[in-house]
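Peer 1: Below are the sequence and a predicted model; questions follow.
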Amino acid sequence: MNFSLIYSKTAKGVAEVATRSGALTPAMRRVLIMVDGRRTAAELELVARDGEFESIVAALLEKGMIEQTGTVETDIPDWVDDDDEATVVMESPRGPDAIPALRAAAQAAAAAVTAAPAPAPAEPKTPTLEERKRMAVRALYDRLGPYGEEPAARIQECKTLEELSERLKHACRRIALFRGEQAAREYMVSIGQV
């Protein structure tokens, strides 16, 4: 294998890292995560077991999760004429020198992650009726336990936001009855009704 090759993730590979579909073995996933368009095959091989790397790369290529995007530029000795054909192949860095190289690659990856700009905060999404009902029922059971069963059932039956608002007032009165006015106010705040 030519260890000077450089691979990049495809859109499918990026999606796999983000979603963990389960289509990859742990070893394949480790290699895919390390692929960044800058590391050579020699550097990537450090995260695979002896003898597994070539089959992992072949599988990732076949699944369309990575693609070859280049090779490392190497200095060609002066004694090689421009007309001569020369192929420079990097050797695998396995052996006693592999540990520092792996550490350096891991530190570079960690630095890249921490240096990445934070994503812009997304606008808060308005919860759907079903999400509001789930949130209200969960908070109700947190405060009343089994005594929240009757108002929880009524909340689950709601078909509109107006109906839900009325059922939440009923649930609030029940919490006030069992736990006090402060608990009722906290309930309304926790479900975003204040």
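Peer 2: Okay, I see it.
Peer 1: contacts, neighbours, all on C-alpha from now
Peer 2: Will do.
Peer 1: domains in this structure, as residue ranges please.
Peer 2: 5-75+84-115, 129-190 (automatic domain parsing).
Peer 1: Adding mean pLDDT, write the ones you listed out as TSV.
Peer 2: Formatted as TSV, these follow (pLDDT from 0 to 100):
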stretch	mean pLDDT
domain 5-75+84-115	76
domain 129-190	89
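Peer 1: would you list the ones you listed in JSON lines and tack on mean neighbour count?
Peer 2: Below are the domains of the chain laid out as JSON lines (neighbours: other Cα atoms under 10 Å):
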{"stretch": "domain 5-75+84-115", "mean neighbour count": "15"}
{"stretch": "domain 129-190", "mean neighbour count": "16"}
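Peer 1: Three-state assignment for T69, please.
Peer 2: Secondary structure, DSSP: H, G, I helix; E, B strand; the rest coil: T69 is strand.
Peer 1: Pull the contacting residues for it.
Peer 2: 5-8, 37 (Cα atoms under 8 Å, 6 or more residues apart in numbering).
Peer 1: Nearest to L144, out of these: which one, please.
Peer 2: Top of the list for closeness to L144, among these and by Cα to Cα, is S8 at 53.6 Å.
Peer 1: ok, which stretches of the protein are helices?
Peer 2: According to DSSP state H, the chain carries its helices in the segments 11-19, 26-34, 41-44, 53-62, 98-115, 129-144, 149-156, 161-179, 181-190.
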